[in-house]
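1. the sequence and its predicted three-dimensional model are supplied below.
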Amino acid sequence: MPLVRYRKVVILGYRSVGKTSLAHQFVEGKFLERYDPTVENTYSKIVTLGKDEFHLHLVDTAGQVLVWGGDEYSILPYSFIIGVHGYVLVYSVTSLHSFQVIESLYQKLHEGHGKTRLPVVLVGNKADLSPNREVQAVEGKKLAESWGATFMESSARENQLTQGIFTKVIQEIARVENSYGQERRCHLM
Ligand SMILES: Nc1nc2c(ncn2[C@@H]2O[C@H](COP(=O)(O)OP(=O)(O)OP(=O)(O)O)[C@@H](O)[C@H]2O)c(=O)[nH]1
């Protein structure tokens, strides 16, 4: 029997950027038209990648949590840091503000993890609303590159694109873990 590896991934981003819609599309295969602000939801799915099986535990957070206390994104609960293997950071291509929030959020996560390299997939969602764009793809790509992370644009309406995000984050976790292994081997030599 193949070993099933557990991976906990937290989805973060500003209000209404499509975090729940992406998680729902990924797990249920359906798009959610209605906006219902999230408190916090978790989803589980077994993902098979080649010969490996992963138990992906997704935490869909409330965008609202990033504006508590009037001081935007100043508070990051420990549960967003401890025991988390990777992150899907989501902004909407139709909201420059949501992109700015992501930049600041990443810094908080980076600090929370002692400035180690983080497995992150940066997602510019709502790409189907391109005529209302406030963030160009090249800006998202540049930001992700500055973190050594992966960048994707997506639409929660599109199942294939959405599957790609969560597959990618599992691959990113492996990539970062392997890079640490290599760094350690280098230090020993
Ligand atoms: N056109 C379009 N609409 C989307 C997309 N993703 C989400 N939406 C819509 O945007 C609204 C907000 O989506 P949610 O998934 O609830 O957003 P959220 O980030 O979870 O919001 P919070 O719970 O406030 O954190 C809903 O009406 C969705 O139908 C997308 O890719 N394209």
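-> Arrived safely. Residues are numbered from 1 along each chain as shown.

2. only C-alpha atoms from now on, for both contacts and neighbour counts.
-> Will do.

3. close to the ligand, is the helix ranked longest in the chain?
-> With secondary structure taken from DSSP state H, the chain has its longest helix at helix 159-188. No: judged by CA under 6 Å from any ligand atom, helix 159-188 stays clear of the ligand, getting no closer than 9.2 Å.

4. cool, stretch 14-30 as well?
-> Yes: against the ligand, stretch 14-30 shows contacts by CA under 6 Å from any ligand atom at 15-21.

5. show me which positions of the longest helix of the chain end up buried.
-> 159, 161-163, 165-166, 168-173, 176-177 (16 or more other CA atoms under 10 Å).

6. so what does that helix touch, helix or strand wise?
-> Helix 159-188 sits against helix 19-28, strand 86-92, strand 120-125, with contacts defined as 3 or more CA pairs under 8 Å, 6 or more residues apart in numbering; DSSP states H and E.

7. could you dump those to JSON lines with mean pLDDT and distance to F99?
-> As requested, the helices and strands packed on helix 159-188 are exported to JSON lines (pLDDT from 0 to 100; distance: least, CA to CA, whole Å):
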{"stretch": "helix 19-28", "mean pLDDT": "96", "distance to F99": "14"}
{"stretch": "strand 86-92", "mean pLDDT": "98", "distance to F99": "5"}
{"stretch": "strand 120-125", "mean pLDDT": "98", "distance to F99": "8"}
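
8. wait, which of these is closest to D52?
-> The closest of these to D52 is strand 86-92. By CA to CA, the value is 17.5 Å.

9. note down every partner strand of the closest one and its orientation.
-> strand 4-13 (parallel), strand 120-125 (parallel) (DSSP bridges).

10. follow-up on the earlier one: the inter-axis angle of the longest helix of the chain versus strand 120-125?
-> Helix 159-188 and strand 120-125 are oriented at 160 degrees to each other (axes from the mean of the first three to the mean of the last three CA atoms, to 10 degrees).

11. ok now helix 159-188, how far from the chain's centre?
-> Taking the mean of its C-alpha atoms, helix 159-188 sits 13 Å from the chain's own mean (CA atoms, centre = their mean, to the nearest Å).

12. stretch 92-99 too?
-> With CA atoms, centre = their mean, you get 15 Å for stretch 92-99.

13. gap between Y180 and R117?
-> 9 Å (CA to CA, to the nearest Å).

14. no no, L105
-> Going from L105 to R117 by CA to CA gives 15 Å.

15. between the two, tell me which one has more neighbours.
-> Taking other CA atoms under 10 Å, L105 and R117 do not tie; L105 has more neighbours (22 against 15).
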